[in-house]
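>>> Next one to model:
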Amino acid sequence: MLNNHDEILRDISRTFPKLKEFQINENQNKMIEILFKISYALPNVGYCQGMNYLVGIFLYALDFNVEQVYSSVMSILINWEYQEIYNKGLIKLREMCFVFNELIKEYLPEIYDNIFNNKENEIEITSELFAIQWFLTLFTYDIADTEYAINSILILDNIIIHDPSKNFNITVYKIALSLLCIIFKDYKFEKFNLNTHILEFVRNRSKEILMNINEIDTLLNMSRDLKVSEYIIQKIYIKYKNLELNTNFNTSNNGFKDEDADQDQDEINIEKEIQKSSMINNIFNNSKFQEFSSSHLLKRYIVISRFEDMDEFPSSFHPYFNI
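A predicted model of the protein is given here:
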């Protein structure tokens with residue numbers, strides 16, 4: 001989005017200010033180098049605020065190894081097509097927010113009806129208010145200004161390694177749904193709080209959850225249990241595209257459309273997208289990223305750095321701690 005080097009330099013000092021490793025000039029220069037490389041390698045994307053958190057958490061996880069971090073982040077941006085979320089016009093980001101809203105309607109109907117579809121609300125409340133930051137930073141934003149920012153590694157680890165549902169960012173949606181569910185678990189849906197403090201409430205609860213190892217364990221277990229398939233995601237995706245097409249069609253024509261033909265075409269499009277996702281996933285699995293994610297990110301940092309003083313590791317991580 002932004003190809004301005006001043007933006008990169010300005011954001012460096014804001015990245016994980018409570019982690020001493022990010023106050024070291026040498027490490028800040030490494031982040032600058034990686035962000036510059038990404039902006040040059042992807043000129044249509046450039047630099048977008050939020051990339052600094054993604055690069056930052058990889059730097060911490062991979063011992064500030066510039067080559068490995070650059071390769072890892074580029075694997076996400078290219079192989080997962082995640083670069084589109086930072087692209088001009090925010091087209092991919094709007095699409096993800098639409099998909100997320102539809103998933104809330106399907107999987108969390110009580111939250112949807114009381115928060116997002118409540119006709120008594122004095123102001124319009126949409127998931128974009130908080131989901132945008134979740135998607136742009138892969139859930140690091142809400143704890144980025146705390147000493148618990150390192151917990152973001154657990155989320156990143158789940159997205160990359162633990163949950164095999166990488167296609168079309170399914171795991172990202174599953175974590176977002178689970179986080180939203182936990183946030184509103186004991187909420188009474190009071191009108192006053194909804195209209196005046198909803199964003200503050202969500203951010204504060206998200207921060208509390210992501211600062212707590214046991215809460216993260218619950219969050220990740222819940223996300224793994226969610227049954228969100230590629231077909232569901234693609235069906236919503238096609239719905240979004242059709243809404244866009246219909247809007248453009250209706251503004252320029254007064255004609256009619258063959259709904260049966262549209263439905264057949266939708267099924268064809270869904271199948272094509274699922275085949276495309278399989279190709280992307282195969283590329284990802286064969287990349288170098290998979291190799292040093294397992295050895296460095298998972299074993300070295302999550303086990304040694306984060307849980308060395310605990311009596312036992314969170315149950316969901318046991319299968320991956322064979323070192």
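>>> tell me the average confidence for the helix or strand I238 falls within?
Assessed by DSSP states H and E, I238 sits inside helix 230-252. Across helix 230-252, the average pLDDT comes to 77.
>>> same check, this time on stretch 88-108
The model assigns stretch 88-108 a mean pLDDT of 89.
>>> Now do the buried residues in it.
For stretch 88-108, a neighbour-count test (16 or more other Cβ atoms under 10 Å) marks 90, 92-93, 95-104, 107-108 as buried. All C-beta atoms are positioned from the backbone trio N, CA, C, and that covers glycine.
>>> swap in stretch 203-220?
203, 205-207, 209-211, 213, 215-220.
>>> First-to-last residue distance for it?
Terminal residues of stretch 203-220 are spaced 18 Å apart (Cα to Cα, to the nearest Å).
>>> returning to that earlier point: what's the helix holding I238 packed up against?
Secondary-structure packing of helix 230-252 (3 or more Cβ pairs under 8 Å, 6 or more residues apart in numbering; DSSP states H and E): helix 91-107, helix 170-183, helix 259-285.
>>> Kindly recompute the last result at 7 Å.
Judged by 3 or more Cβ pairs under 7 Å, 6 or more residues apart in numbering; DSSP states H and E, helix 230-252 is in contact with helix 91-107, helix 259-285.
>>> could you dump the shortest one to CSV, C-alpha only?
Coordinates of each C-alpha in helix 91-107 appear next as CSV, following Å, rounded to 0.1, in the frame of the first residue of the first chain:
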residue,chain,number,x,y,z
ILE,A,91,-9.7,-5.5,-2.0
LYS,A,92,-8.5,-8.7,-0.4
LEU,A,93,-9.0,-7.2,3.1
ARG,A,94,-12.6,-6.2,2.3
GLU,A,95,-13.2,-9.7,1.0
MET,A,96,-11.8,-11.3,4.1
CYS,A,97,-14.0,-9.1,6.3
PHE,A,98,-17.1,-10.1,4.3
VAL,A,99,-16.2,-13.8,4.6
PHE,A,100,-15.6,-13.3,8.4
ASN,A,101,-19.0,-11.6,8.8
GLU,A,102,-20.7,-14.5,7.0
LEU,A,103,-18.9,-17.0,9.2
ILE,A,104,-20.0,-15.2,12.3
LYS,A,105,-23.6,-15.4,11.1
GLU,A,106,-23.2,-19.2,10.5
TYR,A,107,-21.1,-20.2,13.5
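>>> Could you check the angle it makes with helix 230-252?
Computed by axes from the mean of the first three to the mean of the last three Cα atoms, to 10 degrees, the angle separating helix 91-107 from helix 230-252 equals 120 degrees.
>>> So which residues make contact with helix 91-107?
For helix 91-107, contacts defined as Cβ atoms under 7 Å, 6 or more residues apart in numbering pick out 84-85, 111-112, 116, 127-128, 131-132, 135, 173, 176-177, 180, 228, 233, 236-237, 240.
>>> one more time with 6 Å
By Cβ atoms under 6 Å, 6 or more residues apart in numbering, the surrounding residues in contact with helix 91-107 are E84, I85, Y112, S127, E128, A131, F135, Y173, A176, L177, I236, Y240.
>>> Check which residues of the helix holding I238 are buried.
Judged by neighbour count using 16+ other Cβ under 10 Å, the buried positions of helix 230-252 are E230, I232, I233, Q234, K235, I236, Y237, I238, Y240, N242.
>>> just for the chain, where's the confidence low?
In the prediction, the chain carries residues with pLDDT under 70 at positions 1-4, 120-122, 162-168, 188-196, 247-323.
>>> what's the domain layout of it?
Annotated domains of the chain cover 1-88, 89-250 [the TED database].
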